[in-house]
Structures are given as structure tokens and as C-alpha cells.
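K.L.:
3D, please:
(chains A and B)
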There are 2 protein chains.
Amino acid sequence: MSDVFWGIDIGGTNVKLGLVDSEGEILARGSIPTQIPDGPAALVDRIAATCKGQLEVAGIAPDQVRGMGIGSPGPLDYQNGKLIKTANLTGFDYFPLRAELSEKLTCPAILDNDANMVCWGEFWMGAGKAVSDMILFTLGTGIGGAIVCEGELIHGHYGNGGELGHLIVFPDGRECGCGQKGCLEAYASANHMVRRLTEALKMGRDSSLKKLHATGRKITSKDIFEADDKGDELAGEMIDGMCKALALASVSLRHATEPQMVVLAGGVSKAGSVLTDRIVAFYDQHMWNLNDDPIEFKLAVLGDDAGIVGTAGAALHAWEKNQLSPVGQ
Amino acid sequence: MSDVFWGIDIGGTNVKLGLVDSEGEILARGSIPTQIPDGPAALVDRIAATCKGQLEVAGIAPDQVRGMGIGSPGPLDYQNGKLIKTANLTGFDYFPLRAELSEKLTCPAILDNDANMVCWGEFWMGAGKAVSDMILFTLGTGIGGAIVCEGELIHGHYGNGGELGHLIVFPDGRECGCGQKGCLEAYASANHMVRRLTEALKMGRDSSLKKLHATGRKITSKDIFEADDKGDELAGEMIDGMCKALALASVSLRHATEPQMVVLAGGVSKAGSVLTDRIVAFYDQHMWNLNDDPIEFKLAVLGDDAGIVGTAGAALHAWEKNQLSPVGQ
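P.N.:
This next block holds a predicted model:
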């Protein structure tokens, strides 16, 4: 009878949830809509009902489940297992998610932010399976991040370490949504890449995307990657800007926590080797050559399962270290 | 009978060494010249002789000494306890310092780089005594650094993490001795501050230091702080440049490993509150205000004892965790 863990990955649109054993095998997986307007208590009820249904379908006895990992958009009160204020979860402010879910399913739990959980999944069962030290960037609307150092996630003193999207890469540069200037996110997120492109178009730069822009349809990062693939110069510049910012952040982090590997996850990482190739080129250009300790840039491999595997794996890890929070706490 | 540890801090000019007990009390302290041209074997002999002499004078029985901490300029082969190549220790390349010293004194040992050891000293017995997460910058000819995260030094995968002087703060900026451009060190080290000032003088900027420069005597960072104190505008700009670079690096590190405290050590930190005040001002200007978790900027307090206390304290910590390397290894 193997040990089993619930993995629950809460997003603004959907909650992905499943059962994973201690070898990383997914025994059940599912997805339910978050339905934010119904509020957090209703969500907890629906998650619990779905989890119990998965147990039955997979033929797992409730006492085989050792723990529950919950991932949520941050910032979080990591120590106390509560949400703080999350732009994507209106009405969920300060909700004690860990206590409520663990109570409802009578199962000790851990709550951590979604980027950390994706990172833990890739570290445990994905791109970083063979390493002990890695960093991960989630490339999407915004930029998330996480650091694994000597086999452990870095949470920082207040529980919100690894916020790599807000490293300052270009001082006094573009304004970021966070209030800082020159953040990695202000150059490397899908949102900001699109903004940089439309700004350039407005300033009269030529591009194959000009026509699309003129129709009023919002340009997406996918449009930019496609235009780049067809040789569009401006689109290429935008992607270079993204890759250079990621490379600069990677150089600084290499000197700080010295990872062996940088993993790219999130929607934009689906662009694939066009990203890793260019990031490596910028990295080599900006990194010293005083030593030649290797570093790898890899794409995440777990895809849609990253959240479930990461949260369940984090629960397993916390269980092994006797660090799961007791039921209802 | 309390547990006692040797602390041996090797510098390019002097070796500071002493005996420290597990409460952090210094039972003996001394200093001998490094005499680099005599080579590493001779140095090991002289260190061992001095250490044995200190035992006698302090009335400590050899079997009271539980371990030995050795600090050295990096980069090091941390895992194997060897030097690699150190600009300040010509002829010491690849010397197995840990094995040789531990053999000579029949004492298990740990070798780590000097900035890490100063940081551990301040963390254990100095400015950071009350915190669990801090970073430290050593401000001198160059810039060293170290990170303590959840009570442990971060060594990184290859043993040279915490090289905070080479975080890139101004991409494509000033050339650093390491081969990168825009490193923290290229703005915040004493050497580079002096260079920036003399460059400005050559470009015709006015300053009270012009006369001194004309005499041919090399301007020092101390001259710049004194001129600033008397209201010299250019000197003030140079110090601002240093403080802004340190603040930007602190913002990025705050998001990465989330320290509670930033400690300034090294010769230039003797400038005192003129540094911390300005760094705090730049930090507040560049850091987001999404949360108000506190951070403190403090000056190191151990002064000349930092190396001895830090190395001995690191030996104590490794001893408690059963991580000292056995005699001769």
C-alpha cells in the first residue's frame, strides 16, 4: 500500500486536482471551475467533494492519503496557510485556505504559491529531476519564479521569497505593475512584451503586425512569436528584450544561489527552443568566464500536470520532514 | 569544560587567528604576517605553531578543541577544502589548505571563503544576532557577499554562491575586473569609486579633490568620503552611485531570498551612517510597497574580530551538525 497525496492547484479560472503516489505517479486527475463569485467556502466544498470522488474512482482508501498540497496565486501568508490579497481571487482576501481544506478532508496540509509548486514539480519529477539546485521562471501574463537550493525551496523570511519577476534588471526602466521600475516582469512577461511592441508601432516602427494592430484586435505574445518566426524584425527585437532580461536575471541569480539549472515554465515557454537558445546566447555574453561550472537552460516538461505533481510532491516532502500542518490548522 | 574552536582567517597580508568558545567568547587572539613568498607549507607550519602557543597561553587542553574554521579569499573548492586560484595568494593555487592544517593540528576542520565567514560571525555574534535571514556585503577594494537563509549560509551548487559583488545592477555598464559589465562591484567598490571620480575629473568636472589629484597622489575612498562630508558635489555623486548600486542589489536579493537584514562590513563600511542612510533612501525609492515587511540596514559590529569569530563559529556550527571534515581530509 503506497503513500498517496492530494495535489490541489488553484488558479483564477480552474482548479486542477489529483492524487499522486510517492513515486510521482498520477492516480487520478481532474479539473473544476474556480467560480470565484461563489466565494471561498463554496470552493472548499466543491474541491473536497471532487477529491473524495477521486478517492473512490481510484480505489484508494482514505487512510492511504498522507497529506495534501495546495498551490495558490500569491502573495500568501505561508507560515499560517492563508491567502493575503490576490488580484486573481477577488473575495478570497485573508481566507485560511489551508485550515479549511485540511479540516474538510481530515488531512494534514501545506499551502504554497503556485510558482513554487510548479518548481517543486519540475524539481521532483520533471526537467530538474537530476539536479539539487535550480531556479524556475513561470512565463505568462506576469512572471513568477522560485528557487531550489540544496534540495529545498527558498521561502525567505516572510514566506514570499523567489519572487523573481521583480528582480530589477534595468534600473529606472519600464514601470512594472508592482510599482517598481525596471523589473524582469516589465520586460519578459507576455503582457509587457505586447505593450512594448504596440508602443513601438505607435512610434512608427514598421512590422508585419501593423495590419493586425490596425484592426483593433489585441496583439498576443503568440502573434509576436509567429511574426518573429517569419522574420519580422520588430517582433524579433521584442523577444530579444525578453530573453536578455531573463539572461541578466539568471546571471545575477547564478552568483547569488548558484543553480545548476534554469527551467522555463508557463504558457509563454511553449514557444520552445527559440527562447532557450536566445537566453543562452545572452547569458554567455553577460556571464563572467572565471569558471566554467556548467549551467543548463531547460523547458519545463510536466505541462498541465505540473501543478498537481508539484503540490502533491510538496506534501510528500513536508510529510517526510514531519512539517505538514495538522488538520484544521 | 566548554567546547573551544580555532578560528583562522587568512588574508593577503595577515592571518588572524584565535580561540573562541561556544558562547562566542574570544579566549585568545593573534595575528601573524602571511608572508606569501614563503609558500603555503611554511604558512601552515607557522599557523600551527601559533595556534599551539595560544592553547598554552589560554590554558586550554588540546582535547577541548572540537574543530577548526578556516577562512580564505575565494574562489574555493568548498567541498574539497582546497584553494583554486586566488589573486591575493600567489603560489597557493590548488593548495589543500583544509587537509594540511587539520592534519598539522590533529583537528577536524571546515574551509570557507572570507566573506561567508565574516557573514557567519555577524550572524552568530554580531549585527545579525537576532535574525534568521540576512545578507552581507563586504565593502573594500572589491565587493564580497554572503547570504544566510533560514539560519544557513548559501553555498550554491559549486560552492561559490553569495558572490554578490557580481550581481549585474547596470546592464552593459562599467567593465568589472571579472569580465562582466555593470556588476555591483564596478560601482560600489572602493577601487571603482575612485576610478569613477578620477574619470570625472579628467572629463573636466570640478571638485575639491582636483588639487589632490593634480599632485599625483592616488585618491582614496577615504578622501572621497571626507570631501563629501565637506559638501563636495562630485564626491557626493560618487557615494550616491555606490549606495544606489547597493540598494538595487538589495531590492533584487530581497525578492530572491527575502532577508530581514542587510549588513555592511569591510573597510569602506567604516564610513558609517552616511552609507546606511543613503542606501535606505535609494532602497525605499526602488523597492515596491506591496507589503511592508520590515528590512534593516546595519553596519557590521565585530570589526577586526569578525574573521576569527566567524571562522570559529562556522566550525562550531559544522561540529553541531556533524559536518566537519575529518583530520587530514
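
K.L.:
any idea which residue of the stretch 51-200 of chain A lies closest to chain B?
P.N.:
Among all residues of the stretch 51-200 of chain A, residue A:156 sits closest to chain B, at 2.3 Å; criterion: CB to the nearest CB. Where C-beta positions appear, they are placed from N, C-alpha and C, glycine not excepted.

K.L.:
least trustworthy helix or strand in chain A by mean pLDDT?
P.N.:
When each helix and strand of chain A is scored by mean pLDDT, DSSP states H and E, strand A:76-77 comes last, with a mean of 92.

K.L.:
so which elements touch that one?
P.N.:
strand A:82-83, strand A:109-113 (3 or more CB pairs under 8 Å, 6 or more residues apart in numbering or on different chains; DSSP states H and E).

K.L.:
how about the residues of the stretch 51-200 of chain A that lie near chain B?
P.N.:
Selection of the stretch 51-200 of chain A residues close to chain B by CB under 8 Å from any CB of the partner chain yields A:75, A:84, A:131-133, A:147, A:149-150, A:154-164, A:166-171, A:176, A:178-181.

K.L.:
need the buried ones from these selected in PyMOL.
P.N.:
The PyMOL selection below is limited to those of those classed as buried (16 or more other CB atoms under 10 Å in any protein chain shown):
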select buried, chain A and resi 75+84+131+133+147+149+154+155+156+157+158+159+160+161+162+163+164+166+167+168+169+170+171+176+178+180+181
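
K.L.:
among the residues of the stretch 51-200 of chain A next to chain B, which are in strands?
P.N.:
In strands, judged by DSSP state E, the following of those are found: A:147, A:149.

K.L.:
now do the strands in chain A.
P.N.:
Ranges of strands in chain A, per DSSP E, are A:4-10, A:14-21, A:26-33, A:65-72, A:76-77, A:82-83, A:109-113, A:134-139, A:143-149, A:152-153, A:261-265, A:296-299.

K.L.:
partner strands of the first one and their direction?
P.N.:
The reference is to strand A:4-10. Counting by DSSP bridges, the strands paired with strand A:4-10 are strand A:14-21 (antiparallel), strand A:65-72 (parallel).

K.L.:
residues making contact with the last one?
P.N.:
By CB atoms under 8 Å, 6 or more residues apart in numbering or on different chains, the surrounding residues in contact with strand A:65-72 are A:3-10, A:19, A:55, A:83, A:86, A:89, A:97-98, A:101-102, A:105, A:107-114, A:116-118, A:307, A:310-316, A:318-319, A:324.

K.L.:
I'd say residue A:114 and residue A:306 touch.
P.N.:
No. Applying CB atoms under 8 Å as the test, residue A:114 and residue A:306 come out as separate, 9.3 Å apart.

K.L.:
which one of these two is surrounded by more residues?
P.N.:
More neighbours surround residue A:306 than the other of residue A:114 and residue A:306, with 28 against 25 (other CB atoms under 10 Å in any protein chain shown).

K.L.:
picking up where we left off before, how close does the residue of the stretch 51-200 of chain A closest to chain B sit to residue A:220?
P.N.:
Using CB to CB, to the nearest Å, one gets 33 Å for the distance from residue A:156 to residue A:220.

K.L.:
could you give the number of residues near residue A:222?
P.N.:
14.

K.L.:
correction: the previous question concerned residue A:219.
P.N.:
As a burial measure, residue A:219 scores 20 neighbours (other CB under 10 Å).

K.L.:
got a pLDDT number for it?
P.N.:
The score at residue A:219 is 96. That number is its pLDDT.

K.L.:
for it, what are phi and psi?
P.N.:
Taking degrees, to the nearest 10, you get phi -70, psi 140 for the backbone angles of residue A:219.

K.L.:
thought it was touching residue A:196?
P.N.:
No. Counting by CB under 8 Å, residue A:219 stays clear of residue A:196, with 10.8 Å between them.

K.L.:
model confidence score at the closest residue to residue A:40 other than its chain neighbours, please.
P.N.:
Closest residue in space to residue A:40, ignoring its immediate chain neighbours: residue A:95 at 4.3 Å, by CB to CB, 6 or more residues apart in numbering or on different chains. Looking at residue A:95, its pLDDT is 96.

K.L.:
same check, this time on the one 5 residues further on
P.N.:
The predicted structure scores residue A:100 at 97 on the pLDDT scale.

K.L.:
how many residues are close by it?
P.N.:
Using other CB under 10 Å, residue A:100 has 21 other residues around it.

K.L.:
spatially nearest residue to it (excluding sequence neighbours)?
P.N.:
residue A:44 is the one closest to residue A:100 (CB to CB, 6+ apart), at 4.9 Å.

K.L.:
any idea how far the one you found lies from residue A:34?
P.N.:
Residue A:44 is 12 Å from residue A:34, by CB to CB.

K.L.:
from the centroid of chain A, which residue is nearest?
P.N.:
Centroid check for chain A by CA atoms, centre = their mean gives residue A:115 as the closest residue, at 2.9 Å.

K.L.:
OK, contacts around the nearest residue to that residue once chain neighbours are set aside?
P.N.:
Setting aside the residues directly before and after it, residue A:115 is nearest to residue A:144 in space (CB to CB, 6+ apart), at 3.2 Å. Going by CB under 8 Å, 6+ apart, residue A:144 touches A:113, A:114, A:115, A:118, A:137, A:138, A:163, A:164, A:165, A:266.

K.L.:
quick revisit: assess the claim that the residue nearest to the centre of chain A and residue A:146 are in contact.
P.N.:
Yes. Using CB under 8 Å, residue A:115 is in contact with residue A:146, at 4.9 Å.

K.L.:
overlap of the contact sets of those two?
P.N.:
With CB under 8 Å, 6+ apart, residue A:115 and residue A:146 have common neighbours A:136, A:162.

K.L.:
just for chain A, where's the confidence low?
P.N.:
Chain A contains residues with pLDDT under 70 at A:1.

K.L.:
if we use 80, what do you get?
P.N.:
Applying pLDDT under 80 to chain A picks out residues A:1, A:87-88.

K.L.:
could you pull out the helices for it?
P.N.:
A:40-58, A:97-104, A:114-125, A:185-188, A:190-202, A:210-214, A:221-229, A:233-257, A:273-286, A:306-320 (DSSP state H).

K.L.:
tell me what the first one is packed against?
P.N.:
Helices and strands in packing contact with helix A:40-58 are listed as strand A:4-10, strand A:14-21, strand A:26-33, helix A:97-104; criterion 3+ CB pairs under 8 Å, 6+ apart.

K.L.:
could you redo the last one with a cut-off of 10 Å?
P.N.:
With contacts taken as 3 or more CB pairs under 10 Å, 6 or more residues apart in numbering or on different chains; DSSP states H and E, helix A:40-58 sits against strand A:4-10, strand A:14-21, strand A:26-33, strand A:65-72, helix A:97-104.

K.L.:
looking at these, spot the one closest to residue B:123.
P.N.:
helix A:97-104 (30.6 Å; CB to CB).

K.L.:
could you say what helices and strands that closest one packs with?
P.N.:
strand A:4-10, helix A:40-58, strand A:65-72, strand A:76-77, strand A:82-83, strand A:109-113.

K.L.:
and the fifth one, which strands flank it?
P.N.:
It stands for strand A:82-83. strand A:76-77 (antiparallel).

K.L.:
got the phi and psi for the residue of chain A positioned farthest from its centre?
P.N.:
What lies farthest from the middle of chain A is residue A:204; by CA atoms, centre = their mean that is 35.3 Å. Main-chain torsions, residue A:204, degrees, to the nearest 10: phi 100, psi 0.
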